[in-house]
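A.B. asks: Next come a sequence and a model predicted from it.
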Amino acid sequence: MIRLGTTSSVYIGVILACMMYAVNSVSHTRVKLINNEYHNIVIAIEETVPEDLDLLDRIQEVFTGASAFLCEITRYRAYFKSISILVPRSWTDNAEYETQEFETYGTSDIRIDGGIHHGPYVMKPTPCGEVGDYMHLTTKYLKDPIIAAIYGSYEHAIVHEWGHLRYGVYDEYPGGNTGAPYFYSTGNGGIEATRCSTAVTGVMKNRFTRADCAYINNYPEDDCYFYDSNVSTAFSGSLMYRQYLPQIIHFCDNKTFADTAGSIHNVESPSKQNKLCDEKSVWEIMREHVDFADGANPPRAGCDVTVPEFRFVKQRGSRIAMVLDVSGSMAGERIIKLGQVVNIYITDWVSNGDELGMVEFSDSATTLSQLVTIDASTRAQLSALIPTTTDGSTSIGAGLLKGIEVLQDGDISRLGGCLLVVSDGEENTSPYISEVIPTLIAKGICVDVIAFSEQASLNLELLPTSTGGRAFFYSESATSNALNEAFAAIATRGQSVLQQSIPLYSNTIAIDGGTTFVFSFVIDASIGINTELVFNYLQLTDIDVTLQAPNGSTVDNNSPFYDLDSTFKVLRIKVPGIAEVGTWNVSIKNPSMSTEHVGVTVQSKSSVPGEYPITVTSEWSTNTVTPPEKLILYVTVSKGITPVLNAHVVATVERPSGDSVQLIMADSGGGADITKDDGVYSSYFTAFAGVERYSVKVEVTNTGDDTVISPSRVVGFGSITNPDLPSTGQQPEDESTGTFQRIANGGSVTCDGSSACSGLNDLYPPAKIVDLQVTKISYDDRNITLQFTAPGDDLDFGNATSYEIWMDTDFSAMFSNYENTTNTTQDLFVEGVLSSPKSPGQTEVFNIVVPTQGDITYVFCVVAIDDGGNKSPRSNIVSASMKYFPQRSSNLLFILATIASVLVVVIVVTVAIYVIRRCVQGG
Ligand SMILES: [Ca+2]
Ligand SMILES: [Ca+2]
């Protein structure tokens, strides 16, 4: 029996009415802070987790505790108020489960699975201050307090993760996925441990010998570690540092506002937080967040009532109403193509159990089908209702209102569901989009739009922007298959990846009359079930296709798996069983006299039920952009939560000018990519060429044997090596993906602002360098080696023109205004040329001879400049000590003794770690 919290559905309507998607990010969260209360939090349990009602109790206990602590640490400004817990479809029905509204697994805020990486983490590829995608927890973490204790108390750990997820701040501890060094040099050549705040006391010792740390090249030896004292009675910060330390109960803040002397932010620490957030403290970022900016949600009197209300919802199929434009401008090829893709969507891509309805609109709207639950017979019924005639003007608002009616299915209090709007025109008849948006928001309905041609109203994008939907654009260019790709992407919304059809190949191919076109695609080991090829064409003469498997066997028009629909002009070939791994060849013959444009889509599902295939998702950071605002494209390549590294990721951006730009996407930790090797390949886009829509298609393949699945990492986070445990050298090994290919349509983004979008003015400076580091210090030669990733002319695109490397001996001078420090000149460098930056993404090395040795610390920053004289913001600040440190003794006996003691400790520690890791994998 589930012990329900106090539940109430009334609040959701109220909350959604005030909700807009102010948080600019790939996240589709609906969380909103109102009167200090967080509403609409969704905690979703992954489909493969077995039924477990105790788990629901544990979730309530853990989040109730975390809510109270969140209230305290936010100075009485925020706590968890309404939480929906989404249980898998496979669990048995329970009268206490309420109707699913806006909640889906794919848009949930907190995801729980039965995985083995028990350390809580947040998938967050986004810039400082922007919300992350989701928090990941395991069932074992929630249910086993011994495992959980490794990461500190539940409230400390959950609120630490909430800091990442909601406020967009980063870790302040060194090592592991943060990539931050363990030590830095502070004033007068002294060495400090990377931490926040400096009031957290501790000792520096060798991990293995427990002896004082030796110094090599003026930096503590590799095995040197800072052991925090956890017995301090002074309450300190920062919770984004090691949250398991009991004395840490604050977020750090600047000197003026810090809760205690022990929670004053350490601006000198080379943490990920400082690198990516301009050395600002967590509270300084939080005060700029939409939840608290401009005095929003001022403090309450206290934290007496912080128990959340929990609602239990069982996951069901999605509820979608298609809203199709049949106005006069859709006549001719447009309505035929729309009919084809809707037919393919209904027949092949929507899942059994989903509910689907259909509306057409011109100057008014008509319901073609109420919601029906998808199965073999309803697929055929719905296909028969696809519109084929066009007439009249365009009222998108009328279509939306009819779509809402269909989603509500006779119950006007019903919330949620999604509309899929396809339109090719300017709205010219009321009601208009803007008039309907408040209703859509109030009813929690999301709207995906497909803009069909350049003539489609630019107001369409208001719909996804204000309702959390997605925008796609089909340019009608002869080679674009974006209409099919958009429907395929929308069909997977809310679907578990385990059930999804994975797109491998998508193209529109022009084939001359009487000729044959040949192409091939690859089936890899992670896919193979329900492999299907779909072809759509326009002419009267049917195309003729032959498919050849790697073993040479063929499917042609005599085969039972060859299904030609001459009415819609759609040909389907379904490969029976599990498709053979390897290269499949396809030949398409055009028997007619004239050129035929054939749309081709190849999809397949996971080859092993319950096992994740390699998937690719792609999304822009926003739907609308005005330069010099930054626009980021994110491409995620993973197998479940395990990232795929070193993949070849090419994004082709179709521009209004008609020509396209290719971006080679990198998972390098430079530029827009904030974490190296986390399976998220991120890149800025700056090559605007007009006010209009930009649409992106992403193609991903392996690069020889270098492309690997990396089980010691998780997607959107990076390495899960626990930086607070010595490395055991027993990390699970990377595994080659073999040959594979995937495609994804990342949807469209609209550039808004005629001169800003023209591309004629250089509006973008080089990107801020965030990975400046000191790689070597030589005391004897007064020599310091600096390294960083080259930015570009426009953020990370094109080549920058020159660098300035600024130097000082006082951190605070550089922190307050780097231009008051010394601008170094080329003659000081023995390696690196200031006037010739490398291509973006490449590693730059500069080796400088500094003026003096002694009890002195040098600090540096780098600024990149483009050909228009635009300067990047200054980089992160790094430090290097020029103090004299005695080098390690060369006494042979000492060395032998050290080796012996190290070996003993290594063996003991390795065994201990192995025992711990048997039950706990985490970071
Ligand atoms: Ca990355
Ligand atoms: Ca520029």
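C.D. replies: Yes, it's here. All values reported here derive from a predicted model rather than from experimental measurement. Ligands and ions are numbered 1, 2, ... in the order given.

A.B. asks: drop to CA atoms for contacts and neighbour counts, all remaining ones
C.D. replies: OK.

A.B. asks: Helix, strand, or coil at the one residue in the stretch 401-550 of the chain that gets nearest to ligand 1?
C.D. replies: Going by C-alpha to the ion, ligand 1 is nearest to residue 497 of the stretch 401-550 of the chain, at 21.1 Å. The three-state label given to residue 497 by DSSP: H, G, I helix; E, B strand; the rest coil is coil.

A.B. asks: Show me which residues of the stretch 701-850 of the chain sit near ligand 2.
C.D. replies: Taking C-alpha under 5 Å from the ion as the measure of proximity, the stretch 701-850 of the chain contacts ligand 2 at 762, 764, 765, 793, 794.

A.B. asks: and the fourth one, how many neighbours?
C.D. replies: Summarising burial for residue 793: neighbours were counted as other C-alpha atoms under 10 Å, giving 29.

A.B. asks: Wait, it touches residue 762, no?
C.D. replies: No: the pair residue 793 / residue 762 is not scored as a contact, 9.0 Å apart, by C-alpha atoms under 8 Å.

A.B. asks: In the residues of the stretch 701-850 of the chain next to ligand 2, which residue is surrounded by the most others?
C.D. replies: residue 793 (29 neighbours).

A.B. asks: In contact with the residue nearest to that one when sequence neighbours are not counted, which residues?
C.D. replies: Leaving aside its sequence neighbours, residue 793 sits nearest to residue 800 (C-alpha to C-alpha, 6 or more residues apart in numbering; 4.1 Å). Contact analysis of residue 800 by C-alpha atoms under 8 Å, 6 or more residues apart in numbering lists 766, 791-794, 837-840, 864-867.

A.B. asks: go on, residue 832?
C.D. replies: 844, 845, 846, 847.

A.B. asks: and which of those is nearest residue 663?
C.D. replies: Of all those, residue 663 sits closest to residue 844, with 21.0 Å by C-alpha to C-alpha.

A.B. asks: So that closest one: helix, strand or coil?
C.D. replies: Applying three-state DSSP: residue 844 is strand.

A.B. asks: Tell me the bridge partners for it.
C.D. replies: residue 788 (DSSP bridges).

A.B. asks: give me phi/psi at the residue in the stretch 301-450 of the chain that ligand 2 sits nearest to?
C.D. replies: Nearest to ligand 2, among the residues of the stretch 301-450 of the chain, is residue 450, at 32.1 Å (C-alpha to the ion). Backbone dihedrals for residue 450, given as degrees, to the nearest 10, come out at phi -120, psi 110.

A.B. asks: Touching, it and residue 421? I think so.
C.D. replies: Yes: in terms of C-alpha under 8 Å, residue 450 counts as a neighbour of residue 421; the distance is 6.2 Å.

A.B. asks: hang on, the earlier thing: quick one: contacts for the residue of the stretch 301-450 of the chain closest to ligand 2?
C.D. replies: 420, 421, 422, 423, 471, 472, 473, 474, 483, 486.

A.B. asks: Now name the helix or strand holding the closest residue in space to residue 663 that isn't next to it in sequence.
C.D. replies: In this structure, residue 663 finds its nearest non-sequential neighbour in residue 651, 5.1 Å apart by C-alpha to C-alpha, 6+ apart. Here residue 651, judged by DSSP states H and E, is contained in strand 648-654.

A.B. asks: and that strand, how far from the chain's centre?
C.D. replies: Centroid separation between strand 648-654 and its chain, computed with C-alpha atoms, centre = their mean, to the nearest Å, is 17 Å.

A.B. asks: Given it, what are its sheet partners and their directions?
C.D. replies: strand 660-665 (antiparallel), strand 693-701 (antiparallel).

A.B. asks: Out of those strands, which one sits most buried?
C.D. replies: Each of the strands paired with strand 648-654 was scored by mean neighbour count; the highest is strand 693-701, a mean of 24, by mean count of other C-alpha atoms under 10 Å.

A.B. asks: Toward the C-terminus, what is the element adjacent to that strand?
C.D. replies: strand 708-709.

A.B. asks: So which residues on this structure come close to ligand 2?
C.D. replies: So the chain meets ligand 2 at 762, 764, 765, 793, 794 (C-alpha under 5 Å from the ion).
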